[in-house]
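Engineer: Here is my input, please return the structure:
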Amino acid sequence: MIVEIHNAYGSAAVSTSGAELMSFRGRDGVEYLWQGDKTYWGGRAPVLFPIVGALRDGHTRIDGQFYEMGRHGFARKMEFAVTEQKEDSVTMTLTSSEETKKFYPFDFALHMTYRFEGEKLVNEFCVENIGDRTLPFAVGGHPAFNCPVTPEDTFEDYVVEFEKPETANCPLIDMSNGLIDFHTRTTVMEYETEIPMRHNLFYKDALVFDTPRSRVVRLVSRKTGRGVEMDFSDFCYLGIWSAVNDGPYVALEPWAGCATGKDEDDEFLHKRALTHLKPGKKAVFAFSVKAL
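Structural biologist: I've put the predicted structure just below:
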């Protein structure tokens, strides 16, 4: 089921399948979200939970037992229930079940809320521990945006622009297994605020910013000014990604957690940047997107 929300500044559509954002339009009706052309990549904005990225060999050890989980976790492939709906917002919830415990033996509720606040579309992840033991998890967003937004632009007209100068030595991703090598890095920026877009930036997978100074980033055309602005203040990492097949989109990915590092073992509790949530507590992570 698709739920549509709107206000005076724009509209959005969200699917109950994976609680995935399916559309984000500005007030002029222009579509900013990538529309999932399978020629390049069939996703649009998957919800990442309870892991971000890949596990070694697709499995991890919890309580002495191995559990299998695909890249970015299972939430993106599960049906959510609509638990609250208004003209300008919707909340969808996934609750732990016997099915989820085949992959992840914890009790949780994941509430995904999309709401307009003026020009901004807020994407909120609220993780609730409904069990009786600490809940370890990672969470993240993966929205991809049209690049170019309109036919007047080309991919190469766009830049990713940071609010502060960044010196970024991005760790490499092993494309054979999705693991991150935090000890092998490539310098992407040297006290700069912009990365000009070109397809070969992504031929070795995503650019991973594990120590960004900025909390706001833009994907914007130098030619027309079209694009999006994202505030990812609640998240420790930012991934920037496009397909190796020269797809006409760029994903801006705020992460609270990351793929397994090559220097990590297979214990789930040893993964970098996990949130450890006590019973009865909630943790909220949100990012916002604004059309430019």
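Engineer: okay, CA-based contacts and neighbour counts for the rest of this
Structural biologist: Noted.
Engineer: P248 and A45: what is the separation?
Structural biologist: Taking Cα to Cα, to the nearest Å as the measure, P248 falls 15 Å from A45.
Engineer: Compare these two (neighbour count), which wins?
Structural biologist: A45 (26 against 20; other Cα atoms under 10 Å).
Engineer: ok, now which ones touch that one?
Structural biologist: With contacts defined as Cα atoms under 8 Å, 6 or more residues apart in numbering, A45 is in contact with E20, L21, M22, G141, H142, P143, A144.
Engineer: dump the residue contacts of the fifth one.
Structural biologist: Pointing back at H142 there. By Cα under 8 Å, 6+ apart, the residues touching H142 are R44, A45, P46, V47, L48, A251, L252, E253, P254.
Engineer: Let's have the residues you listed in CSV, adding secondary structure and distance to G227.
Structural biologist: Putting the contacts of H142 into CSV (DSSP: H, G, I helix; E, B strand; the rest coil; distance: Cα to Cα, whole Å) gives the following:
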residue, secondary structure, distance to G227
R44, coil, 16
A45, coil, 16
P46, coil, 20
V47, strand, 22
L48, strand, 23
A251, strand, 12
L252, strand, 12
E253, strand, 15
P254, strand, 17
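Engineer: nearest to Q85, of these?
Structural biologist: V47 (18.9 Å; Cα to Cα).
Engineer: Surely that closest one is in contact with G140?
Structural biologist: Yes - counting by Cα atoms under 8 Å, V47 does reach G140; the two are 6.5 Å apart.
Engineer: If you count surrounding residues, which of those two has more?
Structural biologist: Each of V47 and G140 has its neighbours counted (other Cα under 10 Å); G140 has more, 28 against 24.
Engineer: what is the more buried one paired to in the beta sheet?
Structural biologist: Per DSSP bridges, the residues bridged to G140 are L48, W255.
Engineer: And for the one 4 residues further on?
Structural biologist: When assigned by DSSP bridges, A144 has beta-bridge partners A251.
Engineer: just M230 next, same as before
Structural biologist: In this entry, M230 is beta-bridged to V217, V289, by DSSP bridges.
Engineer: and it, what does it touch?
Structural biologist: With contacts defined as Cα under 8 Å, 6+ apart, M230 is in contact with V216, V217, R218, F287, S288, V289, K290.
Engineer: Would you check which pair of those lies furthest apart?
Structural biologist: Most distant of the contacts of M230, by Cα to Cα, are R218 and F287, 12.9 Å apart.
Engineer: Quick one: end-to-end distance for stretch 171-184.
Structural biologist: 6 Å.
Engineer: Over to stretch 242-259?
Structural biologist: Taking Cα to Cα, stretch 242-259 runs 17 Å from one end to the other.
Engineer: swap in stretch 264-278?
Structural biologist: First-to-last residue span, stretch 264-278, Cα to Cα: 24 Å.
Engineer: Format the contacts of A45 as a markdown table; extra columns: pLDDT and distance to R222.
Structural biologist: Shown next, in a markdown table, are these (pLDDT from 0 to 100; distance: Cα to Cα, whole Å):
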| residue | pLDDT | distance to R222 |
| --- | --- | --- |
| E20 | 98 | 29 |
| L21 | 98 | 26 |
| M22 | 98 | 26 |
| G141 | 98 | 25 |
| H142 | 98 | 24 |
| P143 | 98 | 21 |
| A144 | 98 | 19 |
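Engineer: In a markdown table: those, plus distance to D157.
Structural biologist: Below are the contacts of A45 laid out as a markdown table (distance: Cα to Cα, whole Å):
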| residue | distance to D157 |
| --- | --- |
| E20 | 28 |
| L21 | 26 |
| M22 | 25 |
| G141 | 25 |
| H142 | 22 |
| P143 | 20 |
| A144 | 17 |
